[in-house]
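Engineer: using only what follows, build the 3D model:
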Amino acid sequence: MMAAWRNITSFKTLILQRVNPFRITGKPSYAALLAFLALPLAAAPEVLVMLGAPGTDAYEKKYATWVKSWESACSKGGAEYTVISKSADGKQPRELLQAWISGRNSGDAPLWLVFIGHGTFDGKNAKFNLQGPDITASELAGWLKPVERPIVVLNTASSSAPFISALSGENRVVVTSTRSGNEQNFARFGEFFSQNIGSIQADLDKDGQTSLLEAFIVTSRQVADFYKKEGRLATEHPLIDDNGDRLGTPPDWFRGIRPIKKPAEGSPDGYRAHQFHLVLGDLEKLIPENLRRQRDELEMEVYRLRDRKADLPQVEYYRQLEGLLRKIGKIYEQAESP
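Structural biologist: Have a look, this model is predicted:
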């Protein structure tokens, strides 16, 4: 129990140092500690890996390695993990995918849909190639429309960019391996991403866990380095979208994890994606789910305020910032109240 006490105390100290200059003093009571431990912890993500038609034996072996990496990351993060690759129970893969989605319209746990395989684009419709009938971006959008949970869609296939315009929306993160449907060559983005999402090596801000945004940024660098070392023209340029504007943002719009460019209207991409983790850090695991949601909402307000800093008088900016940081601090104080 004393070990848990030290973890919680150090966790609170870490968070307050990072986001709140107004320190909370005093030790929590033993009863408060028990009350904290009794709160529901983070809802583990539900991850579906959709393995498409490989086309050749070489791609089949390559994709199998990527799937293994996702399986390992999900196991490490305690996520519910499902793979769909071929027909089962008389249903083709696209039918199995639709059934999996339709049974998960509500709940707290984020849904992660990971597409590994090939894609095509005919100038109008982008498709992910399956064994049996393919699935289009618009079809997937229709299936996901009733889902009220946080959603991550990671399409690592070629010609995947149009999935952003089709799927972008509130409380969603969409990542594609290409910036255009016309980038139709084999994409390596999925290989690097499958290795990074569960690896602490991609933890750019050193908070003990790798976020979806961090995995995207690190993977994008590795993809660019691959083509540079090979002396080849890059045929894939990843995008990420989490602000619902259906445009997507390239990795070179970030310095570290902070956006250094932003769209003409609205907030930059990346803020929400940095709040998604497949494998939580040891300290993050101690935050109850309800407190995490409140904290995430307040962090988004901090990000939006920071984007408006140039438009506000300095005194007003810091007044609002202080108010938000105090609220974030109070979230952690709640753990002290039995």
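
Engineer: domain ranges for this protein?
Structural biologist: Under the assignment automatic domain parsing, the domains of the chain span 2-41+289-336, 46-275.

Engineer: where does the stretch 51-200 of the chain dip in pLDDT?
Structural biologist: Counting by pLDDT under 70, the stretch 51-200 of the chain shows no low-confidence range.

Engineer: who are the contact partners of the nearest residue to D203 once chain neighbours are set aside?
Structural biologist: Once flanking residues are discounted, D203 sits nearest to T210: 4.9 Å by C-beta to C-beta, 6 or more residues apart in numbering. C-beta here means a position set from N, CA and C on the backbone, and glycine is covered the same way. By C-beta atoms under 8 Å, 6 or more residues apart in numbering, the contact set of T210 is 196-203, 277-279.

Engineer: and of these, the nearest to K327?
Structural biologist: H277 (22.2 Å; C-beta to C-beta).

Engineer: quick check, pLDDT for the closest one.
Structural biologist: Predicted confidence (pLDDT) at H277: the value is 97.

Engineer: quick one: the strands in the stretch 151-300 of the chain?
Structural biologist: Residue ranges of the strands in the stretch 151-300 of the chain, as given by DSSP state E, counting those that start in this stretch, are 151-155, 172-176, 239-241, 254-255, 258-259.

Engineer: in JSON lines: these, plus distance to Y59 and mean neighbour count.
Structural biologist: Converted to JSON lines, the strands of the stretch 151-300 of the chain look like this (distance: least, C-beta to C-beta, whole Å; neighbours: other C-beta atoms under 10 Å):
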{"stretch": "strand 151-155", "distance to Y59": "16", "mean neighbour count": "25"}
{"stretch": "strand 172-176", "distance to Y59": "19", "mean neighbour count": "28"}
{"stretch": "strand 239-241", "distance to Y59": "23", "mean neighbour count": "25"}
{"stretch": "strand 254-255", "distance to Y59": "31", "mean neighbour count": "16"}
{"stretch": "strand 258-259", "distance to Y59": "34", "mean neighbour count": "16"}
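
Engineer: the stretch 151-300 of the chain: helices as residue ranges?
Structural biologist: All helices of the stretch 151-300 of the chain, identified by DSSP state H, counting those that start in this stretch, fall at 162-167, 189-196, 212-230, 289-307.

Engineer: show the buried residues in the contacts of T210.
Structural biologist: Buried members of the contacts of T210, scored by 16 or more other C-beta atoms under 10 Å, are 196-199, 202-203, 277-279.

Engineer: as JSON lines, the residues you listed with distance to A64 would be great.
Structural biologist: Output for the buried ones among the contacts of T210, formatted as JSON lines (distance: C-beta to C-beta, whole Å):
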{"residue": "N196", "distance to A64": "18"}
{"residue": "I197", "distance to A64": "17"}
{"residue": "G198", "distance to A64": "17"}
{"residue": "S199", "distance to A64": "19"}
{"residue": "A202", "distance to A64": "22"}
{"residue": "D203", "distance to A64": "27"}
{"residue": "H277", "distance to A64": "25"}
{"residue": "L278", "distance to A64": "20"}
{"residue": "V279", "distance to A64": "21"}
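
Engineer: between those, which is nearest L298?
Structural biologist: H277 (17.6 Å).

Engineer: my read: the closest one touches Q209, true?
Structural biologist: Yes: at 5.1 Å, H277 counts as touching Q209 under the criterion of C-beta atoms under 8 Å.
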